[in-house]
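Novice: Pasting a predicted model and its sequence here:
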Amino acid sequence: MNAPLMPKATAVWLVDNTALSFDQVADFCGLHALEVQAIADEEVAIGMQGLDPIANGQLTREEISRCEANTAERLKLSMSDIPIPEARGKGPRYTPLSKRQDKPDAIAWLLRHYPELSDAQVGRIIGTTKPTINSIRDRSHWNTPNLRPRSPVEIGLCSMEELENNLDTARARAQRKAVRERKAAEKAARQNGDVLAAAEVSSEKVVPEASNEDGASSDTTVWSAMADSKAAGLSDEAEAVKPEWPPKVEESDAS
């Protein structure tokens with residue numbers, strides 16, 4: 001049930017000008033029965049001007065009379081022909097003209113102290129755009145030499161609660177990213193380990209063949225060495241048997 005406008009002031013008027021029970025007034029105004037009783041005893045809302053719900057179109061005299069005749073009945077709010085205004089959605093943050101020149105200082109402060117905040121979060125906190133944030137980050141902003149990083153809470157551009165909520169969100173996002181990166185690294189390490197194990201198995205299969213080849217090459221080397229030594233021995237014998245030329249003439253034969 002919708003409550004009337006200014007419920008406490010309406011309760012003051014109903015207590016002073018009707019014979020309704022405390023429960024009926026409390027139910028209509030959205031208050032506790034003890035609070036309505038305190039209003040009647042002038043312990044609460046002392047000196048408050050009552051608000052006439054009949055003049056405001058929230059109640060009719062017939063409705064009040066009906067409930068006065070029976071305390072079990074409850075007042076019903078009159079339907080108004082005035083359309084209810086639509087709730088305004090979240091739009092860009094309004095910043096007073098006197099504080100708009102402080103936005104670059106607040107952006108520089110957030111980028112320096114809380115780099116984990118995304119550009120979208122900084123834009124929501126300060127009420128600025130991503131091009132402005134990027135220009136301050138890469139120092140291409142037209143007023144970069146005069147920037148003085150200052151907390152947006154101290155300047156009055158946001159509340160501490162809003163800043164802490166955004167920081168909690170950014171830290172949770174960074175933690176999730178770290179977990180994903182760790183899992184990816186572990187998966188890559190397992191894959192590399194499987195590749196290395198397969199390479200070791202293949203190398204174990206190749207090693208015996210290589211040893212056989214080494215044995216064959218060593219045998220070939222031995223046989224070639226023996227052949228070379230034998231050839232060297234034959235050449236020495238041939239040189240020993242080869243006669244000298246011209247033959248030597250003995251002196252006795254010449255005489």
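Specialist: Yes, it's here.

Novice: Going by secondary structure, the residue nearest in space to the middle of the chain is in what exactly?
Specialist: Nearest to the geometric centre of the chain sits Arg173, at 2.2 Å (Cα atoms, centre = their mean). Counting by DSSP states H and E, the element that carries Arg173 is helix 160-241.

Novice: and that helix, average pLDDT?
Specialist: Mean pLDDT, helix 160-241: 69.

Novice: related to what we said a few turns ago, any figure for the gap between the residue nearest to the centre of the chain and Leu14?
Specialist: Counting by Cβ to Cβ, to the nearest Å, the gap from Arg173 to Leu14 is 53 Å. Quick note: C-beta positions are derived from backbone N, CA and C, even for glycine.

Novice: How about Asp52?
Specialist: Asp52 is 10 Å from Leu14, by Cβ to Cβ.

Novice: and if you look at Gly47?
Specialist: Per Cβ to Cβ, Gly47 is found 17 Å from Leu14.

Novice: So those two - more neighbours on which side?
Specialist: Leu14 (27 against 6; other Cβ atoms under 10 Å).

Novice: Next, the closest residue to that one other than its chain neighbours: secondary structure please.
Specialist: Of all residues not flanking Leu14 in the chain, Val25 sits nearest, at 4.8 Å (Cβ to Cβ, 6 or more residues apart in numbering). Classification of Val25 using DSSP: H, G, I helix; E, B strand; the rest coil returns helix.

Novice: Please name the residues that touch Val25.
Specialist: By Cβ atoms under 8 Å, 6 or more residues apart in numbering, the contact set of Val25 is 11, 14-15, 18, 31, 36.

Novice: which of those tops the neighbour count?
Specialist: When neighbours are taken as other Cβ under 10 Å, the top entry among those is Ala11 (29 neighbours).

Novice: what's the helix or strand for that residue?
Specialist: Using DSSP H and E, the element containing Ala11 is helix 7-17.

Novice: What are the buried residues along that helix?
Specialist: Using 16 or more other Cβ atoms under 10 Å as the test for burial, helix 7-17 gives 7-15.

Novice: Repeat that for stretch 161-170.
Specialist: Under 16+ other Cβ under 10 Å, the buried positions of stretch 161-170 are 163, 166-167, 170.

Novice: Next: stretch 127-145.
Specialist: So stretch 127-145, judged by 16+ other Cβ under 10 Å, has buried residues 127-128, 132-133, 135-136, 141.

Novice: from those residues, which is closest to Arg180?
Specialist: Lowest distance from Arg180 to the buried residues of stretch 127-145 (Cβ to Cβ) belongs to Ile133, with 25.3 Å.

Novice: looking at it, that closest one is touching Gln121, isn't it?
Specialist: No - taking contacts as Cβ atoms under 8 Å, Ile133 lies outside contact range of Gln121: 10.2 Å.

Novice: Could you tell me how far Ile39 is located from Met48?
Specialist: Using Cβ to Cβ, Ile39 is found at 8 Å from Met48.

Novice: Who has more neighbours out of those two?
Specialist: When Ile39 is set against Met48 and neighbours are counted by other Cβ under 10 Å, the residue ahead is Ile39, at 25 against 14.

Novice: tell me the contacts of that one?
Specialist: Taking Cβ under 8 Å, 6+ apart, we find Ile39 in contact with 8, 11-12, 15, 45.

Novice: Please produce CSV containing the residues you listed, extended by pLDDT and distance to Ala178.
Specialist: Formatted as CSV, the contacts of Ile39 follow (pLDDT from 0 to 100; distance: Cβ to Cβ, whole Å):
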residue, pLDDT, distance to Ala178
Lys8, 91, 53
Ala11, 92, 56
Val12, 93, 59
Val15, 92, 62
Ala45, 80, 56
